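Peer 1: quick one, fold the following:
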Amino acid sequence: MKLLVLDRDGVINEDSPEYIKAPDEWHPIPGSIEAISELSRAGWSIVVASNQSAVGRGMISVDTLNRINAKMHRVVAAAGGHIDAIFFCPHHPEEDCECRKPKPGMLQEIAHRYHVNAMDLIMVGDSLRDLEAVASMDGMPILVRTGKGKKTEAAGNLPLNTLIFDDLQAVATYLLAHDMGMSVFPK
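Peer 2: Below is the predicted model of the structure:
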């Protein structure tokens, strides 16, 4: 199985320091929807793994989050693609839960549900916590320079073997050119 895990805000859609609190605040990053569509048509399973502390902070309800994610599903489907599942951590950062990245709980659940070895997970993110979560399981971290990505890259301290691309479209181009899943990455 070719499984790609994506962070949402800053990878698929524009991020906001005020959080994405309504469907009309959700705007895709240019090329991201096309990238998801190309990958899903090529047989990749696409799963989103996102910290959504706006729920735990009382800024939005789970229903509102579901409406935001439904918009994302519709936009991807309209472009001929498919997102297989969305996993999210709704907790406030101070709750110290196991599902909030950089802890690996959410990614462990994805590996379990999709029957893949955790070491075979590929995660695309724009923040260090995304990369640390997948690296802690010996999976493949990929940083994109969209969202907080340029700042994350400039700060350094990236996990070993992190690959860096300008955006999700560049990641898709790389994966589709190699079409070999985890074997395209150095270990």
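Peer 1: where does this structure have low pLDDT?
Peer 2: Confidence mapping of the chain against pLDDT under 70 gives the ranges 180-187.
Peer 1: need the longest helix for it.
Peer 2: If you go by DSSP state H, the chain has its longest helix at helix 62-78.
Peer 1: in this structure, which strand is the longest?
Peer 2: strand 44-51 (DSSP state E).
Peer 1: note down every partner strand of that one and its orientation.
Peer 2: Applying DSSP bridges, strand 44-51 is found paired with strand 2-6 (parallel), strand 85-89 (parallel).
Peer 1: redo the ones you listed as CSV? Include mean neighbour count.
Peer 2: No exception for glycine: its C-beta is placed from N, CA and C like everyone else's. Listed next are those as CSV, based on neighbours: other Cβ atoms under 10 Å:
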stretch, mean neighbour count
strand 2-6, 23
strand 85-89, 18
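Peer 1: re the thing from before, send me the longest strand of the chain as PDB with only the CA atoms.
Peer 2: Written as PDB, here are the backbone C-alpha positions of strand 44-51 (Å, rounded to 0.1, in the frame of the first residue of the first chain):
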ATOM      1  CA  TRP A  44      -1.900   6.500  -3.200                       C
ATOM      2  CA  SER A  45      -4.100   6.500  -0.100                       C
ATOM      3  CA  ILE A  46      -4.200  10.000   1.300                       C
ATOM      4  CA  VAL A  47      -4.800  10.500   5.000                       C
ATOM      5  CA  VAL A  48      -4.800  13.800   6.900                       C
ATOM      6  CA  ALA A  49      -3.400  14.000  10.400                       C
ATOM      7  CA  SER A  50      -3.900  17.400  12.000                       C
ATOM      8  CA  ASN A  51      -3.700  19.000  15.400                       C
END
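Peer 1: okay, the following helix or strand past that strand in CSV with CA atoms only?
Peer 2: Per DSSP states H and E, the first helix or strand lying C-terminal to strand 44-51 is helix 53-56. Extracted C-alpha coordinates of helix 53-56, given in CSV (Å, rounded to 0.1, in the frame of the first residue of the first chain):
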residue,chain,number,x,y,z
SER,A,53,-6.5,22.7,19.2
ALA,A,54,-9.1,25.3,18.2
VAL,A,55,-11.6,22.7,19.4
GLY,A,56,-10.0,22.3,22.8
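Peer 1: show me the contact partners of helix 53-56.
Peer 2: 19-21, 60-62, 65, 88-93, 95, 100 (Cβ atoms under 8 Å, 6 or more residues apart in numbering).
Peer 1: what's the answer for stretch 160-173, then?
Peer 2: Against stretch 160-173 from outside (Cβ under 8 Å, 6+ apart): 6, 11-12, 29-32, 34-36, 38-39, 124, 131, 135, 140-146, 153, 158, 174, 185-187.
Peer 1: which of these fall within helices?
Peer 2: Per DSSP H, the subset of the contacts of stretch 160-173 in helices is 32, 34-36, 38-39, 131, 135, 153, 174.
Peer 1: sec struct for the most far-flung residue of the chain relative to its centre, please.
Peer 2: The C-alpha centroid of the chain is most remote from G58, which lies 22.9 Å away (Cα atoms, centre = their mean). Look at G58: counting by DSSP: H, G, I helix; E, B strand; the rest coil, its state is coil.
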